[in-house]
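fold the following and give me the result.
(4 chains)
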Protein chains: 4
Amino acid sequence: MQTLKVGIIGASGYTGIELARLLARHGGVALQFLTSDRWVGEAASARLNLDSPLKFVPVEQGVALAGSCDAVFLATPAESALHLVPRLLEAGTKVIDLSGAFRLKDASLYPGFYGLTHDAPLWLAKAVYGLPELFRAAIPKAQLIANPGCYPTAVALALAPLLRAKLAEPTSLVVSAASGVSGAGRKATEDFSFMELDGDFRAYKTLKHQHTPEIAQTLSMVGGVPASLVFTPHLLPVKRGILATAVATLKSGVSTAEVTAAYAEAYRDEPLVTVVNGADAVRLAQAVGTPRAIVGVTVEGNHAVAISAIDNLLKGAASQAVQNFNLLFGLDETQGVFG
Amino acid sequence: MQTLKVGIIGASGYTGIELARLLARHGGVALQFLTSDRWVGEAASARLNLDSPLKFVPVEQGVALAGSCDAVFLATPAESALHLVPRLLEAGTKVIDLSGAFRLKDASLYPGFYGLTHDAPLWLAKAVYGLPELFRAAIPKAQLIANPGCYPTAVALALAPLLRAKLAEPTSLVVSAASGVSGAGRKATEDFSFMELDGDFRAYKTLKHQHTPEIAQTLSMVGGVPASLVFTPHLLPVKRGILATAVATLKSGVSTAEVTAAYAEAYRDEPLVTVVNGADAVRLAQAVGTPRAIVGVTVEGNHAVAISAIDNLLKGAASQAVQNFNLLFGLDETQGVFG
Amino acid sequence: MQTLKVGIIGASGYTGIELARLLARHGGVALQFLTSDRWVGEAASARLNLDSPLKFVPVEQGVALAGSCDAVFLATPAESALHLVPRLLEAGTKVIDLSGAFRLKDASLYPGFYGLTHDAPLWLAKAVYGLPELFRAAIPKAQLIANPGCYPTAVALALAPLLRAKLAEPTSLVVSAASGVSGAGRKATEDFSFMELDGDFRAYKTLKHQHTPEIAQTLSMVGGVPASLVFTPHLLPVKRGILATAVATLKSGVSTAEVTAAYAEAYRDEPLVTVVNGADAVRLAQAVGTPRAIVGVTVEGNHAVAISAIDNLLKGAASQAVQNFNLLFGLDETQGVFG
Amino acid sequence: MQTLKVGIIGASGYTGIELARLLARHGGVALQFLTSDRWVGEAASARLNLDSPLKFVPVEQGVALAGSCDAVFLATPAESALHLVPRLLEAGTKVIDLSGAFRLKDASLYPGFYGLTHDAPLWLAKAVYGLPELFRAAIPKAQLIANPGCYPTAVALALAPLLRAKLAEPTSLVVSAASGVSGAGRKATEDFSFMELDGDFRAYKTLKHQHTPEIAQTLSMVGGVPASLVFTPHLLPVKRGILATAVATLKSGVSTAEVTAAYAEAYRDEPLVTVVNGADAVRLAQAVGTPRAIVGVTVEGNHAVAISAIDNLLKGAASQAVQNFNLLFGLDETQGVFG
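Residues are numbered from 1 along each chain as shown, chains lettered A, B, ... in the order given. Prediction:
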């Protein structure tokens, strides 16, 4: 079996750490470099408990090595990715970007939702949105994969069967979701201290979260008509995991059986999506630590409540990036995703 | 100051314990009896850390003492309350029932949502729904007060200003709420074990929760037109508190300023409802341990997201019962609610 | 009843907040000022949910007001207290210092354990160590009370009965204790983030904790002979509370009955120490939120294991300061300690 | 590579589940059967997320299949193991018993500590205590391996270097340890409910825990002289992990350097024990989810505090059983232990 050369830019954030762990045990990969500002010069074996001789290097050293890699993963903030991705692509490597910098097809949304002006519209146009269960066919030919956000993965997998089968009104969607604290990244602020978060629960970025247009874009593509949603994310006092609760108004005359069948059908052959019996059967703890999404739907009258759970750092980031990598290079899609 | 004689039936559940603590320190109350199946014969001072000579007695002993009390509080399951409340009322005491047995005006809803046939329709008709911030005027004359449920309190306080001012479509409501574990009462089952709940989050009774018709009834009364909602409760890995996230579609032309003004107006003189600046400013931890509701609203386009937080055992049960008691007997509404 | 004028320096730390809440509801006290660096100019009613018109002022403004107060409480770090306490005392007020600055009679211990040179040895000599259950008689006459540390309170109450009755070898003591996160004070560092602490447990300052000599000093005074201990504090992933597990070697021939009797005797008339049946019956959660210490002892062969639990912010700080205040001014010792 | 046939008796407890997961991914093993009372007839793939066609069978069916297995693992209570182990051994398989039934060489200790009379003294005599880092040489020839308890593993690894090098007094040992809730096994009782445990901390079985003689036996073997200890286990509000804090009195004249060297030496070549720089550097969270023990020691005067952390279900049970299995069959000791 061939061994593919890969590097990771941003390997000391929560997502980057998971990615490094998965790739180190992948079996078909040789890690070429790991970059980290905070751990420059330290051994990956010490920091990440990896069986690897690598030491963390500065970002620029990673960029310099990119040309000799088959693929480079970025696990940086969007503002960094926006500038690094074109440089990496020009160096001739394939890129899997875990940030939001290349996810939104409409560049005009970036100032409002990300606070940045998108200055690489050509790459934006070429980027393939890497949600394998919905858009698998497009991935193998990509040069740049925009790896989906954590909430968008959870919400899209919860609602896609309804929209693809045209069972729900695409502008009726109301989604409430809750994420573990790792979703916020490493934060050394009082807001993310144990004293503030233990026993607490609250919404944040209500009606303003940057994942909202990403979700709408995905559901619009899936359903073939414009979709819109009201999205309220919450901060859960647990380390990991996202549970998304999505409410849709069913089209007139749609039966419970049709809805149930649509979910069974949509994910029948998907190794990494498990459909359970009803919305109440989806538990966050089932998904945490795994590369799987758990999805369930309950119908009553003309409403469906679809709930999904994922590990925000895995199916919502790192293991999905590995899925995309596998598809990009013709490997078994699930190789290495279980860690 | 007069001293009112009161008793508590069901004083060893989480709600009953809070109620006993509040009443023991109320200042205007002399506790006459506390009933408990599990602690019969034990001292209240030992079990509840109360400065009281009372011992727990069986329910029937409490019922026998009811006639000499000014008021009796029930903190039992609805099926018990259904049969006890008429007996207590006939004994001549006023009753504050913390269960759901006398909350729904439409008796035909009881079989489906509570699994019981309501056989006291006359008392049901006379019961006053004791949510002071919305229905204060009716409380002083009541003989039987149906103390609101925890979710209904949280959701009604979140949405009432919108509906009363007719700013939102009353059938557009989608509510996602999360409750701490005490909301389930004492449970010695594996489902409620630390191992199952720590780090988990999940929905339950999706589209079937018994508080759904209670919320709809309250919002219909407030708005003067039938209201309906999709309600999804979740189980949060914390001990106490409810956070309710309610999404409403605004009527055409309603401005953000009108919405903000409606909330300020609704709760301006309410000592136990605090309006904060936007939905994101509502934090569960702010409400836990207090008799207050915290409410905030955020508007974007034609949607409003209103969030409220309460302590499920206090504003969602025991301290609200004390508010009702105070109103019933002409005391200062907040006497004793802070414990 | 007279109303005593008091002020608090350092009212925005976790301890200071508790103290402000207790004093605001004390009944015999009129709060004159609250100082806080972080909240200067903000209303106490907003920040602390207090029924008070006070605004937070800078420290120097508090010092200027001290002369007109009956007592000033300090809830600052030791280095601040070291310099503020003499100024306050010279202004003519009584002082209750919740820091460690005046607890150790041997000034030569300060450089090693607190990293500061003690330059107020005369006041150090006059300071009374305010642990009422052990040294009540000395408190009423004090001008300066050194309010005990959280670990020292827990450990001293656990072991005092054994040492006072000369049942245990005073140099055999091995203590392992665990504190909730609030014990570290407000920290906006990654070490105290939810991600680092949730699910974790570890020792800190092993064999070097500044409370070690304070505990030895107290136990030496109680037993009348020099006592020494090996002390290992741990950080517990909960917000509040300390549980101390103390192991002592019994003197030859000491029986279980003698040990049990010594504990019963020591705390028989103490309103704020509850002796339970054996070390296993002491639970952290019983003590949290209360001004009480819970103590239990188990004997096997020639060893006793004595365990105590307190709320580190209450009996380990704020409510004990109120006990001392009450004793200082001839009030009922428990007035206001329950909040 | 050969494939070894193995079965697991008791595969639905927390330990059995971990064992099944490790063995399913081991690479050199073919799982023959999994027994479970609660899941009889259910698929392992559904319950354990395993890639396996096995269904859970009753215990007797497992026993009947034992003769065709190379090894059988037992993850049952001691009372069950006591009777099953001889039957399995007589069927000709090797046995790795994760219970305490064959750990104590002195059969007379069983009634007092385990509440059972040991009726298989011959097998007890032949059992090899499987703590590889201390007794590796004896393991390959064993027919029956008594897999160490969780606390004994943690405490023995913390103290062995001191005792083997004769640096500490073997009867001076005082150990306080804390375990996550999974240590208690599956419990559907109120004592182990979220409401009781969240935010709590307490000791249990003080001076009576059944692991005490096991620890003393191990340390006596390591040091060559009788060792004794005072052992206080605590229940920590986390799911997994044990942190043991062990205090020893050093022999006269022993230096810090000698102690540090003894730890470095003892574990220099151990792949699954990591020695960190001092007792404070040992963190529970570092060990959880891994098959490693983390050990650190701090010396001051004539005392050493040695702290160790392990995952109670892995190094304290399942992964250590896999280590023993590997040694028994001449495989690489760490094969499959990382899962």
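
phi, psi for the residue of chain A most remote from its centre please.
Relative to the C-alpha centroid of chain A, counting by Cα atoms, centre = their mean, residue A:253 is the outermost residue, at 34.1 Å. For residue A:253, the backbone dihedrals are phi 90, psi 0 (criterion: degrees, to the nearest 10).

show me what contacts the residue in the stretch 1-150 of chain A that chain D sits nearest to?
Among the residues of the stretch 1-150 of chain A, residue A:49 lies closest to chain D, at 7.2 Å counting by Cβ to the nearest Cβ. The way it works is simple: take the backbone N, C-alpha and C, and place the C-beta from them, glycine included. With contacts defined as Cβ atoms under 8 Å, 6 or more residues apart in numbering or on different chains, residue A:49 is in contact with A:21, D:290.

how about the residues of the stretch 201-339 of chain A near chain B?
Taking Cβ under 8 Å from any Cβ of the partner chain as the measure of proximity, the stretch 201-339 of chain A contacts chain B at A:201-208, A:230, A:232, A:234, A:236-241, A:243, A:245, A:247, A:278-280, A:282-285, A:288, A:298-300, A:303, A:305, A:307, A:309.

buried subset of those?
Burial by neighbour count, judged by 16 or more other Cβ atoms under 10 Å in any protein chain shown, picks out A:201-203, A:205-207, A:230, A:232, A:234, A:236-241, A:243, A:245, A:247, A:278-280, A:282-285, A:288, A:298-299, A:303, A:305, A:307, A:309 from those.

mark which of those residues are part of helices, please.
If you go by DSSP state H, those have A:284, A:285 in helices.

for residue A:61, list the residues it contacts.
Residue A:61 makes contact with A:33, A:35, according to Cβ under 8 Å, 6+ apart.

tell me the secondary structure of it, please.
Put simply, residue A:61 is helix when judged by DSSP: H, G, I helix; E, B strand; the rest coil.

measure residue A:107 to chain C for me?
To chain C, residue A:107 is 34 Å away according to Cβ to the nearest Cβ, to the nearest Å.

and chain A, what are its domains?
Described in terms of automatic domain parsing, the domain architecture of chain A consists of the residue ranges A:4-147+A:317-328, A:151-310.

state the mean pLDDT of the longest one.
For domain A:151-310, the per-residue pLDDT values average out at 96.

identify the residues contacting stretch A:81-98?
Residues lying outside stretch A:81-98 but in contact with it, judged by Cβ under 8 Å, 6+ apart, are A:9, A:15, A:19, A:59, A:63, A:66-67, A:69-76, A:99, A:101-102, A:116, A:118-120, A:123, A:127, A:130, A:142-147, A:317-318, A:321, A:324-325, A:328.

now, those residues that are in strands?
A:9, A:71, A:72, A:73, A:74, A:144, A:145, A:146 (DSSP state E).

hmm, residue A:4 and the third one touching each other?
No - the pair residue A:72 and residue A:4 does not pass the contact test of Cβ atoms under 8 Å, sitting 11.3 Å apart.

now the residue of the stretch 1-150 of chain A closest to chain D: phi and psi?
The phi/psi pair for residue A:49 (degrees, to the nearest 10) reads phi 60, psi 30.

how far away is it from chain C?
Taking Cβ to the nearest Cβ as the measure, residue A:49 and chain C are separated by 16 Å.

same check, this time on residue A:187
In terms of Cβ to the nearest Cβ, residue A:187 sits 6 Å off from chain C.

now that residue: how far from residue C:183?
Residue A:187 sits at a distance of 22 Å from residue C:183 (criterion: Cβ to Cβ, to the nearest Å).

these two: which is more packed in?
Higher neighbour count among residue A:187 and residue C:183: residue C:183, with 24 against 15, using other Cβ atoms under 10 Å in any protein chain shown.

wasn't residue A:160 part of a helix?
Yes - residue assignment for residue A:160, taken from three-state DSSP, places it within a helix.

which residue is the nearest non-sequential neighbour of it?
residue A:222 (4.8 Å; Cβ to Cβ, 6 or more residues apart in numbering or on different chains).

how about the residues of chain A that lie near chain D?
A:49, A:290.

what segments of chain A are strands?
Going by DSSP E, chain A shows strands at A:4-9, A:29-35, A:56-57, A:71-74, A:94-97, A:128-129, A:144-146, A:173-179, A:202-203, A:229-235, A:242-249, A:273-275, A:293-300, A:303-310.

what pairs with the last one, parallel or antiparallel?
Right, strand A:303-310. When pairing is defined by DSSP bridges, strand A:303-310 lines up against strand A:242-249 (antiparallel), strand A:293-300 (antiparallel).

what angle separates that strand from strand B:229-235?
Computed by axes from the mean of the first three to the mean of the last three Cα atoms, to 10 degrees, the angle separating strand A:303-310 from strand B:229-235 equals 30 degrees.

closest point of the stretch 51-200 of chain A to chain B, which residue?
Minimum separation of the stretch 51-200 of chain A from chain B (Cβ to the nearest Cβ) falls at residue A:176, amounting to 3.5 Å.

what's across from that residue in the sheet?
residue A:232, residue A:245.

my guess is it meets residue A:229, correct?
No - at 10.6 Å, residue A:176 does not count as touching residue A:229 under the criterion of Cβ under 8 Å.

for the residue of the stretch 51-200 of chain A closest to chain B, give me its contacts.
Counting by Cβ under 8 Å, 6+ apart, the residues that residue A:176 touches are A:232, A:234, A:244, A:245, B:176, B:232, B:245, B:247.

please redo it, this time with the cut-off set to 10 Å
A:203, A:230-234, A:243-247, B:174-178, B:203, B:232, B:234, B:245-247, B:305 (Cβ atoms under 10 Å, 6 or more residues apart in numbering or on different chains).

before we move on, what about residue A:230?
Residues counted as contacts of residue A:230 (Cβ under 10 Å, 6+ apart) are A:172-176, A:206-207, A:212, A:247, B:174, B:247-249, B:300-305.

if we can go back for a sec, and the strands paired with strand A:303-310: which comes nearest residue B:136?
Using Cβ to Cβ as the measure, strand A:242-249 is the one of the strands paired with strand A:303-310 that comes nearest residue B:136, at 32.7 Å.

restrict that closest one to CA atoms and write it as PDB.
Output of strand A:242-249 as PDB, limited to C-alpha atoms (Å, rounded to 0.1, in the frame of the first residue of the first chain):
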ATOM      1  CA  ILE A 242     -22.900  18.500  19.800                       C
ATOM      2  CA  LEU A 243     -26.600  17.700  19.900                       C
ATOM      3  CA  ALA A 244     -28.800  19.500  17.400                       C
ATOM      4  CA  THR A 245     -32.600  19.600  17.700                       C
ATOM      5  CA  ALA A 246     -34.200  20.600  14.400                       C
ATOM      6  CA  VAL A 247     -37.900  21.300  14.000                       C
ATOM      7  CA  ALA A 248     -39.400  21.300  10.500                       C
ATOM      8  CA  THR A 249     -43.000  21.900   9.300                       C
END
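
that one vs strand B:173-179, what angle?
Inter-element angle recorded for strand A:242-249 and strand B:173-179: 150 degrees (by the same axes, to 10 degrees).

still on that earlier bit, I'd say the residue nearest to residue A:160 and residue A:158 touch.
No - using Cβ atoms under 10 Å, residue A:222 is not in contact with residue A:158, being 11.6 Å away.

neighbour count winner among the two?
A side-by-side neighbour count of residue A:222 and residue A:158, using other Cβ under 10 Å, places residue A:158 first with 32 against 22.

would you map the helices across the stretch 1-150 of chain A?
A:14-24, A:44-48, A:59-66, A:78-90, A:110-114, A:121-126, A:132-135, A:150-164 (DSSP state H, counting those that start in this stretch).
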